[in-house]
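> Sharing a sequence plus its predicted fold:
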Amino acid sequence: MIDGGEDGMAEQVLVRGEQVRRVAVASAIGTTIEWYDYFIYSTATALVFNKLFFPSLSPASGTLAAFATLGVGFVARPLGGIVWGHFGDRVGRKAMLVASLVLMGLATAAVGVLPTFAQAGVLAPVLLVVLRVLQGISAGGEWGGAALMAVEHAPAGRRGRYGSFSQIGVPAGLIIAQLVFFAVTSSLSPEDFRSWGWRVPFLVSLVLVVVGLVIRLRVAESPVFARLRETGERSRVPIADVLRRRPREVTVAALSFIANTALGYVFFAYLLSYGTSVLKLSNTTMLVEIIVGSVVWLVSIIAGAIWSDRVGRKRVYLVGSVLLVVWSIPFFLLVDTRQPWLLGVAVVVLNLGLGATYGPQSALFAELFEPRYRYSGASFAYAVGAVLGGGFAPLIATALQTSTGTSLSVSLYMVAVALISLGAVIAFPRSPVTTG
């Protein structure tokens, strides 16, 4: 009987371990696909949307208008955070993950079949904005669900490590997006790319979404939410509860994310436009630099998350936040040399800071909120931070550089947002609000 009991317990441990690994992989692959969809829009915005959807404007004004559509998606993200968060706390984490993936995939594929301004006039940019809003609503709830599924399945003491699987989907999606654009731009003439080649990355999304759905449908619901459902402790109006009970946590979490998302979008959206249009570097050179930086970002996310399990989330965040402050000025000084290897140094160091401030985020945000309104709290804080930081960062950077004629103005903007986040990180509680 004792042996049988021990065998049964061992089997349960093995099954539990397999389920945790499956959830981690599902979080990584699902968020990779979701953010691939999001980032191909950013890349296309930097490369061709100004010419295709705003051809009547000057090149600089067309770029500003294209980046404005990018920002519209961010404005919609808090709404997505509220909607997905409500049902994630009421219905379950898993169901919302599936729904957000479907919405993102369909909206992205629809961009790939949109008529351009030359074909449909003003209707074309209007439809582009509508689809971008749908992308934003989806992204507003995607991160929270993927992060909580990974963190709430994680073994004790490894929340940072397992939470990083949802985080690496961002640079992984960016890498795949850049590789797809690199393959398309290098195999087509500039004329063919502008004519129809830009649509290919968007249509590829349909295949990736099917893969993501198959994987996500196979994972089990979060054990934390399963307990909430059994005990009936779910919040009736989660967003109201979290704003009433944890306003300080929502505020510092949102502000802590401003620098990461603002400097992140300066790196992978604005830098691509700046390098090709202002510095006159080739699309290929800039795409390679973005890919290199993204690989460093991915590795540093994992390293930062594992480190946070050992020394604490706040300490890792502080290191990354300080690095983002001090590197913002050297970043563009190196970029402006037009030397690929110096540009590489600029993006590598920047992405070390981005990784340290993104790797521990899933575990940190989860630990700031009680389980009954955790999805709403984490998603809303993440979405608000994204709006305040990354929503209009490429637009602001473009406007600053255009009006001043120097990248130093962009660097000073980066320093300002990095200092805001550094202050928020200092205000974080030293220990988790909740360990449930």
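Ah, there it is.

> what about Thr284, neighbour count?
Counted by other C-beta atoms under 10 Å, the residues lying close to Thr284 total 12. (Glycine included, C-beta is placed from N, CA and C.)

> What residues does the one residue sitting closest to the centre of the chain make contact with?
The residue lying closest to the centre of the chain (C-alpha atoms, centre = their mean) is Val170, at 4.9 Å. Listed by C-beta atoms under 8 Å, 6 or more residues apart in numbering, the contact set of Val170 reads 31, 35, 297, 301, 358.

> So which of those residues belong to helices?
Members of the contacts of Val170 lying in helices (criterion: DSSP state H): 31, 35, 297, 301.

> which of those sit farthest apart?
Thr31 and Trp297 (13.8 Å; C-beta to C-beta).

> follow-up on the earlier one: is the residue nearest to the centre of the chain within a helix or a strand, and which one?
helix 169-187 (DSSP states H and E).

> Give me the buried stretch members for that helix, please.
169-178, 180-182, 184-185 (16 or more other C-beta atoms under 10 Å).

> before we move on, back to that, in the ones in helices among the contacts of Val170, which has the lowest confidence score?
Least confident of the ones in helices among the contacts of Val170 in the model: Trp35, at 80.

> Counting neighbours, what do you get for it?
24.

> give the contact list for it.
Taking C-beta under 8 Å, 6+ apart, one finds 139, 169-170, 172-174 in contact with Trp35.

> Give me the below-cutoff pLDDT ranges for the protein.
Filtered on pLDDT under 70, the chain yields the residue ranges 1-17, 431-436.

> gap between Thr116 and Asn50?
Separation of Thr116 from Asn50 (C-beta to C-beta, to the nearest Å) stands at 12 Å.

> what's the answer for Asp336, then?
According to C-beta to C-beta, Asp336 and Asn50 sit 22 Å apart.

> So for the two, which residue has more residues nearby?
Set side by side, Asp336 and Asn50 show more neighbours around Asn50, with 23 against 17, by other C-beta under 10 Å.

> How about that one: what's its closest non-neighbour residue?
The shortest distance from Asn50 to any non-neighbouring residue, by C-beta to C-beta, 6 or more residues apart in numbering, is to Gly62 (3.4 Å).

> can you tell me the helix or strand for the one you found?
Applying DSSP H and E, one finds Gly62 within helix 59-75.

> The helix or strand containing Gly275 packs against which elements?
In this assignment (DSSP H and E), Gly275 forms part of helix 271-277. With contacts defined as 3 or more C-beta pairs under 8 Å, 6 or more residues apart in numbering; DSSP states H and E, helix 271-277 has these neighbours: helix 59-75, helix 283-311, helix 313-335, helix 393-404.
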